[in-house]
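> how does the following fold in three dimensions:
(4 chains)
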Protein chains: 2
Amino acid sequence: MLESKDLRKVGLKVTLPRMKILEILESRSEEHLSAEDVYRGLMDSGEDIGLATVYRVLTQFEAAGIVARHNFEGNQAVFELNHGTHHDHMVCVECGGIVEFVDEVIEERQVRVAGEHDFELTDHSLILYGRCSNCRKR
Amino acid sequence: MLESKDLRKVGLKVTLPRMKILEILESRSEEHLSAEDVYRGLMDSGEDIGLATVYRVLTQFEAAGIVARHNFEGNQAVFELNHGTHHDHMVCVECGGIVEFVDEVIEERQVRVAGEHDFELTDHSLILYGRCSNCRKR
DNA sequence: ATGTATGCAAAACATTTGCACCTGG
DNA sequence: CCAGGTGCAAATGTTTTGCATACAT
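Take a look at the predicted model:
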């Protein structure tokens, strides 16, 4: 559970908007929220925080390594808390559902491929698109 | 080399804008062009084709399987001709350079992961970000 | 106190769409 | 001829920014 000191640790002042946004992200940590989603979450909680602030804060959190931003197909980016363990995503093109996974062999191979091309790997994005088990039944 | 019959084959009328856009994509097939890039290419060749048409045509080409669209980091999508062989991308975060690669082990693993989750795989996107060999020398 | 954050409204982009006109088959 | 394609301008949707005010330390 992240708190004030975690914000200070990364050099961010502890403000109400930042704490509230952290709360939303934590309370819905199994989801992948767009800036809009976070904003609506705040409104529903009666918080009066601007959408621009949501964008600014999420961007700062990303820079600080607190959240990860993903550009799945479609227009808007989604965010999720970085709970330590790296993982990739599988997105259902029918229902939008998301499954997270990790495959050590793929991870290793990526490092090897980068090495073969003298690339200093800083990050990667792997997204599998398809139809999830639920949608396939219909 | 793609030509008129390839357009007819996928049910698209052979029009001047479509042919010109195909030409641009072919003449710069090592690059990954944004819609803007294609548009400027057309302007530079003295063609008077609207940006809206470029977007429409690229979208149709994608639907027809003639081109692939990629959402690298940043805002605008890039397009490249589908020259048969599937491949993934490594993007240099410093110079923007792109290296294409294929790793059979990764490909296999993706299929296996999808299978484990009862996912019917339709597509995937793997992008490695880092600093390329040239940028590392500086 | 003072540098940073925030809210609001406006701007900036990338992309899409409506519509009257043009064109390929 | 006529369905489909195109150009232009306007609309859309997401994200960013300018600026005056409010707040954390």
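
> now for chain A, the helix or strand with the poorest mean pLDDT.
helix A:4-9 (a mean of 88; mean pLDDT, DSSP states H and E).

> outside of that one, which residues touch it?
A:13-14, A:18-19, A:22, A:66 (Cβ atoms under 8 Å, 6 or more residues apart in numbering or on different chains). All C-beta atoms are positioned from the backbone trio N, CA, C, and that covers glycine.

> name the SS class of A:Q76, please.
Put simply, A:Q76 is coil when judged by DSSP: H, G, I helix; E, B strand; the rest coil.

> around DNA strand D, pick out the residues from chain A.
A:8, A:13-16, A:34-36, A:51-52, A:55-56, A:59, A:75-77 (Cβ under 7 Å from any atom of the strand).

> show the buried residues in those.
A:34-35, A:77 (16 or more other Cβ atoms under 10 Å in any protein chain shown).

> returning to what we had before: the least confident helix or strand of chain A near DNA strand C anywhere?
No. Judged by Cβ under 7 Å from any atom of the strand, helix A:4-9 stays clear of DNA strand C, getting no closer than 9.4 Å.

> looking at the residues of chain A next to DNA strand D, which are in strands?
Mapping these onto strands (DSSP state E) picks out A:S34.

> sort the residues of chain A next to DNA strand D by pLDDT and name the bottom one.
Within the set of those, pLDDT is lowest for A:N75 (86).

> mean confidence (pLDDT) on stretch A:38-47, please.
So the average pLDDT for stretch A:38-47 ends up being 97.

> and the residues of chain A next to DNA strand D, which two are the farthest apart?
A:R8 and A:N75 (34.2 Å; Cβ to Cβ).

> could you point out the bridge partners of the residue nearest to A:H117 when sequence neighbours are not counted in the sheet?
Once flanking residues are discounted, A:H117 sits nearest to B:V99: 5.5 Å by Cβ to Cβ, 6 or more residues apart in numbering or on different chains. Beta-bridge pairing for B:V99 (DSSP bridges): B:M90.

> if I pick B:V99, what's in contact with it?
A:117, A:119, B:89-90, B:92, B:132.

> between the residues you listed, which is closest to A:L126?
B:H89 (11.5 Å).

> report how many residues lie close to that closest one.
Residue neighbour count, defined by other Cβ atoms under 10 Å in any protein chain shown, stands at 18 for B:H89.

> again, but for A:K5
Residues near A:K5, counting by other Cβ under 10 Å: 8.

> can you pull the contacts of A:Q60?
Taking Cβ under 8 Å, 6+ apart as the test, what A:Q60 contacts is A:L12.

> at 10 Å instead, please
Applying Cβ atoms under 10 Å, 6 or more residues apart in numbering or on different chains to A:Q60 gives the contacts A:7, A:10-12, A:18, A:21, A:66-67.

> buried subset of the residues you listed?
A:7, A:12, A:18, A:21, A:66-67.

> from those residues, pick the one nearest chain B.
Set against chain B, the nearest of these by Cβ to the nearest Cβ is A:V67 (15.4 Å).

> partner residues bridging that closest one?
If you apply DSSP bridges, the partners that A:V67 bridges to are A:L81.

> pretty sure it is touching A:I21, no?
Yes. Shown here, A:V67 and A:I21 form a contact pair, counting by Cβ atoms under 10 Å, at 9.3 Å.

> intersection of neighbour lists for the two?
A:33, A:57-58, A:60-61, A:79.

> out of those residues, which are inside helices?
A:57-58, A:60-61 (DSSP state H).

> report the two of these separated the most.
Farthest apart among those - using Cβ to Cβ - are A:L58 and A:Q60, which lie 7.3 Å from each other.

> overlap in contacts of the two?
A:21, A:66-67.

> that older thread, possible to save the contacts of helix A:4-9 as JSON lines with distance to chain B?
Compiled in JSON lines, these are given as follows (distance: Cβ to the nearest Cβ, whole Å):
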{"residue": "A:K13", "distance to chain B": "28"}
{"residue": "A:V14", "distance to chain B": "29"}
{"residue": "A:R18", "distance to chain B": "24"}
{"residue": "A:M19", "distance to chain B": "28"}
{"residue": "A:L22", "distance to chain B": "24"}
{"residue": "A:I66", "distance to chain B": "18"}
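
> for chain A, which strand is longest?
strand A:120-131.
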